[in-house]
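Asker: Quick one, what's the 3D model for this:
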Amino acid sequence: MIQISKILKEVPIFKMLGKESIDFIVERLKFKTFDNNEIIFHTGDPGDTMYIIISGLVDIIISGPDGKNEQIVASLGPGDYFGEMALLTGETRSASVKTTDSSEMFLLHQNDFDVILERFPSISLSMGKIVSKRLRDTLSKASTLPKETRLDTKDSGPSGSLKDNSLIELISFCESNSLTGELVINHNSEKGVIQYEKGELLGVNLGGIKDDQALDKMMRWEEGNFKILPKPLSFDKKSEKESETKKILIVNNSLVVRKLIERAFTGLGYKVETAENIEKSNKLMESSIPDIIITDVKLADGSGMEFCRDTKTVNDVAFIFLSDESIKPEFEEELKTVKKAELTKTHEVSEIVKIVENMI
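Answerer: Numbers count the residues shown, from 1 in each chain. Take a look at the predicted model:
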């Protein structure tokens, strides 16, 4: 089972933090259970808590201007989170949340979040991306669009002043427009560069200062100017091949593990299916053959290695086995006899992604 620290590491606002920082946050989480069909909060309630789902399901619900015509805009499960936007903005809830199953959650209250934010100011920057995504995915479905950012786009890319556009608004703009390129910020004699790939923040540089420290310093800038520099697109045979959608099947006893890995690869553009055991995996493969199967060494209804060998007698599918402390040397030796099969060193999603992309 992946621990809560690993779940937190997958939450975008905490993604750039190290192990000690994550442990600092984990110590401030509170545990709470909810019944089926329980309202966690209503639209307009104070936004003073963030929720991380351990087990169970919830629906995100918005209403029309008259308070009627409710619409479910998202359904979340284990490994997902909600309510984080209000912690930063201080605004009331923009939607209602209701459980659709008995649920267990970790809660992060406003006072604890303020302590965390004071210690790690760069979280505010990451939060800007979440604000943008949630506004786009949720409020737009209610035909209520967020205020447009005022940008001058006469030149090769948007530019303007920090007085008119805060750094968080700029980060939100770059993320929501899936920028591949750079956001350049000039403040007096200092120049900061934030790099993006398809809307994902890759790195930050400020005169040799990088990432967290650079972000923390740039967050304090209220004056200056910015320029967004998109990287020119190129279309060649290689990029066309790389754009083909690859299929991944995740087979794991744990719903949380399946959800975390599924969310990561779906976000990278892969087509993902999940199953909890071998029997359900074989049924899925009757209609769709994956390029890669990510699975446990031990499954509820059989051995991962037997599953691998049986599958390969019919289809040449690559396998990735998730490691744990129970992995025996004999298994590692047996794995060496199987073509297109890898064993991870940890359960870290970043490592799994790296192995998959090397295989592809």
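Asker: where does stretch 46-55 sit relative to the chain's centre, distance-wise?
Answerer: 16 Å (Cα atoms, centre = their mean, to the nearest Å).
Asker: same question but for stretch 314-328, I mixed them up
Answerer: In this view, stretch 314-328 has its centroid 24 Å away from the chain centroid, taken as Cα atoms, centre = their mean.
Asker: Could you work out the end-to-end span of that stretch for me?
Answerer: Start and end residues of stretch 314-328 are separated by 27 Å (Cα to Cα, to the nearest Å).
Asker: Could you do stretch 50-70 as well?
Answerer: Termini of stretch 50-70 sit 23 Å apart (Cα to Cα).
Asker: Can you list the buried residues in it?
Answerer: 50-54, 56-63 (16 or more other Cβ atoms under 10 Å). The way it works is simple: take the backbone N, C-alpha and C, and place the C-beta from them, glycine included.
Asker: repeat for stretch 292-299
Answerer: Applying a neighbour-count criterion of 16+ other Cβ under 10 Å, one finds 292-297, 299 buried in stretch 292-299.
Asker: Kindly report the same for stretch 184-191.
Answerer: Across stretch 184-191, burial judged by 16+ other Cβ under 10 Å covers 184-185, 187.
Asker: how about the residues you listed in a markdown table, adding pLDDT, secondary structure and distance to K340?
Answerer: Below are these laid out as a markdown table (pLDDT from 0 to 100; DSSP: H, G, I helix; E, B strand; the rest coil; distance: Cβ to Cβ, whole Å):
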| residue | pLDDT | secondary structure | distance to K340 |
| --- | --- | --- | --- |
| V184 | 92 | strand | 43 |
| I185 | 93 | strand | 45 |
| H187 | 92 | strand | 50 |
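Asker: Could you export the residues you listed as CSV, including distance to V251?
Answerer: Shown next, in CSV, are the buried residues of stretch 184-191 (distance: Cβ to Cβ, whole Å):
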residue, distance to V251
V184, 44
I185, 45
H187, 50
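Asker: Now do the helix or strand containing I228: which elements does it pack against?
Answerer: Assignment of secondary structure by DSSP states H and E places I228 within strand 225-230. When contacts are defined as 3 or more Cβ pairs under 8 Å, 6 or more residues apart in numbering; DSSP states H and E, strand 225-230 packs onto strand 159-161, helix 167-176, strand 181-187.
Asker: make it 7 Å
Answerer: Counting contacts by 3 or more Cβ pairs under 7 Å, 6 or more residues apart in numbering; DSSP states H and E, strand 225-230 packs against strand 159-161, strand 181-187.
Asker: What's opposite the closest residue to S55 other than its chain neighbours in the beta bridge?
Answerer: Leaving aside its sequence neighbours, S55 sits nearest to E104 (Cβ to Cβ, 6 or more residues apart in numbering; 4.7 Å). Under DSSP bridges, the beta-bridge partners of E104 are T33, S55.
Asker: repeat for D296
Answerer: L322.
Asker: any idea how far F265 is from it?
Answerer: 17 Å (Cβ to Cβ, to the nearest Å).
Asker: Going along the chain, name the helices of the protein.
Answerer: 4-10, 19-26, 85-89, 110-119, 123-137, 167-176, 211-218, 237-242, 255-267, 278-285, 304-312, 329-335, 349-359 (DSSP state H).
Asker: Mind checking these for the one nearest to V193?
Answerer: Judged by Cβ to Cβ, the one of those that comes nearest to V193 is helix 211-218, at 8.9 Å.
Asker: Quick one: distance of the strand holding I228 to the chain centre.
Answerer: Here strand 225-230 shows a centroid-to-chain-centroid distance of 25 Å under the convention Cα atoms, centre = their mean.
Asker: So which bits of stretch 73-81 are buried?
Answerer: For stretch 73-81, a neighbour-count test (16+ other Cβ under 10 Å) marks 73-74, 76-81 as buried.
Asker: winner for burial among the helices of the chain?
Answerer: Of those, the one with the most neighbours on average (mean count of other Cβ atoms under 10 Å) is helix 167-176, at a mean of 22.
Asker: isn't K98 right next to L57, touching?
Answerer: No: between K98 and L57 there is no contact under Cβ atoms under 7 Å: 9.9 Å.
Asker: Between the buried residues of stretch 184-191, which sits nearest M359?
Answerer: V184 (35.6 Å).
Asker: give me the beta-bridge partners of the closest one?
Answerer: Residues in a beta bridge with V184, per DSSP bridges, are V193, K227.
Asker: Name all residues that make contact with it.
Answerer: 191, 193, 226-227, 229 (Cβ atoms under 7 Å, 6 or more residues apart in numbering).
Asker: Narrow the residues you listed to those that are buried.
Answerer: Taking 16+ other Cβ under 10 Å as the criterion, what is buried in the contacts of V184 is 226-227, 229.
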